[in-house]
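In: Sequence and predicted structure are below.
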Amino acid sequence: MGKTSKMPNGGVKNLLDYKLSRYACYLIVQNSDSRKEVVALGQTYFAVQTRKMELTEKEYSMLTEDEKRFYQRNLIRKGKNFLNKVAKKCGVKNFDKFHNAGYKGLYNCETTNDIAKRKVYR
């Protein structure tokens with residue numbers, strides 16, 4: 001990418017600049033010299049996040065099927081609340097139609113009523 005910088009005498013200098021993807025930045029930090037403070041902080045961050053995920057996966061695998069179902073429903077509830085907040089900010093007024101359109105996209109044009117009829121709970 002090109003970038004310009006103002007010079008003290010009023011001129012402009014063209015500089016070569018790079019725009020990296022998030023993934024590229026991760027790889028650079030993970031493979032750089034850890035004696036540099038910013039790199040050491042980044043590597044520590046990744047080590048901590050990796051350990052958190054390991055613990056989360058281990059704990060999740062120890063849950064009963066009912067506990068896993070409750071956990072998943074809770075995640076869905078939180079996600080739906082967040083979606084509703086964002087949709088409201090964007091001006092959505094009829095949330096029934098909004099969510100029904102989402103289901104239609106996921107379930108091959110079936111509405112929530114169609115899905116309920118098809119799924120018989122015993």
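Out: On my side now, so go ahead. Residues are numbered from 1 along each chain as shown.
In: residues touching residue 71, list them.
Out: Shown in contact with residue 71 (C-beta atoms under 8 Å, 6 or more residues apart in numbering): 60, 63. C-beta coordinates here come from the backbone N, C-alpha and C atoms, glycine included.
In: go on, residue 68?
Out: With C-beta under 8 Å, 6+ apart, residue 68 has these contacts: residue 60.
In: quick one: the host helix or strand of it to chain centroid distance?
Out: In this assignment (DSSP states H and E), residue 68 forms part of helix 65-89. Chain-centre distance of helix 65-89: 14 Å, with C-alpha atoms, centre = their mean, to the nearest Å.
In: So for that helix, mean pLDDT?
Out: When the per-residue pLDDT values of helix 65-89 are averaged, the result is 92.
In: What of stretch 43-51?
Out: Per-residue pLDDT over stretch 43-51 has a mean of 91.
In: before we move on, what about stretch 16-35?
Out: Throughout stretch 16-35, pLDDT has a mean value of 90.
In: To which secondary structure element type does residue 13 belong?
Out: Look at residue 13: counting by DSSP: H, G, I helix; E, B strand; the rest coil, its state is strand.
In: re the thing from before, can you point out the buried residues in the next helix or strand after the helix holding residue 68?
Out: Scanning forward in sequence from helix 65-89, with DSSP H and E defining helices and strands, the next element found is helix 95-106. Under the neighbour-count criterion of 16 or more other C-beta atoms under 10 Å, helix 95-106 has 99-100 buried.
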